[in-house]
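A.B. asks: Here is the input, now give the coordinates:
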Amino acid sequence: MTLALVVDVAGLPRPQGSMKLLGKTPSGEPRLTYSQTTYQWRGAVTEAASRARTDTELATLAGPCSVSIVFSMPRPAGHHGKRGLLPSAPGWPHVRPDLDKLTRAVFDALTDAAIWTDDCLVVALLATKRYADTPDQVGAHITITNLEGTP
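C.D. replies: Numbering: from 1, shown residues only. As a prediction, this is how the structure comes out:
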């Protein structure tokens, strides 16, 4: 039986890029961290995924799965004029943050939520960035489907 988990996350999607060096620990080890906004976004994804998982009583995935993510990004104020959306406003957010870094943050948050044992289980991925129609639609819509059999 194929199971799907749908997770809706409100808030500004944040990328997970490279870790930053904060200095060294007393033992001399480097202290590395991501930005605070990355941790906040990952926390929102983890919380939403945990809630969705509880609602569907889905066990932790241990086999191959596919993931679809639609990131709804806020449209910059400069895209709007006095009469609404400007004709020159682009249709797609082909600017930072990078789609792969947005996806990385979501995958790590889903691992934190124990949706799967490891994100290496993802064998198919469809990720999209789009502009949200309204500010309250900013966030991510995630669908995870376990896969059975052979392709």
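
A.B. asks: mind checking the SS state of R51?
C.D. replies: helix (DSSP: H, G, I helix; E, B strand; the rest coil).

A.B. asks: actually W92, not the one I typed
C.D. replies: Taking three-state DSSP as the rule, one finds W92 in the coil state.

A.B. asks: Confirm for me that it is in contact with H79.
C.D. replies: No: contact criterion C-beta atoms under 8 Å: W92 and H79 do not qualify, at 11.9 Å. The C-beta positions use only the backbone N, C-alpha and C, and glycine is treated the same way.

A.B. asks: ok, those two, which is more surrounded?
C.D. replies: Neighbour tally, W92 and H79, criterion other C-beta atoms under 10 Å: the higher count belongs to H79, 14 against 10.

A.B. asks: Could you find the closest non-adjacent residue to that one?
C.D. replies: Residue nearest to H79 in three dimensions, not counting chain neighbours: A89, with 3.7 Å by C-beta to C-beta, 6 or more residues apart in numbering.

A.B. asks: likewise A114?
C.D. replies: T60 (5.1 Å).

A.B. asks: Which pLDDT value goes with the one you found?
C.D. replies: Here, the pLDDT recorded for T60 equals 85.

A.B. asks: Can you verify my assumption that it contacts D118?
C.D. replies: No: T60 is not in contact with D118 according to C-beta under 8 Å; the separation is 10.3 Å.

A.B. asks: List the contacts of A124.
C.D. replies: Counting by C-beta atoms under 8 Å, 6 or more residues apart in numbering, A124 touches C65, S66, V67, L147.
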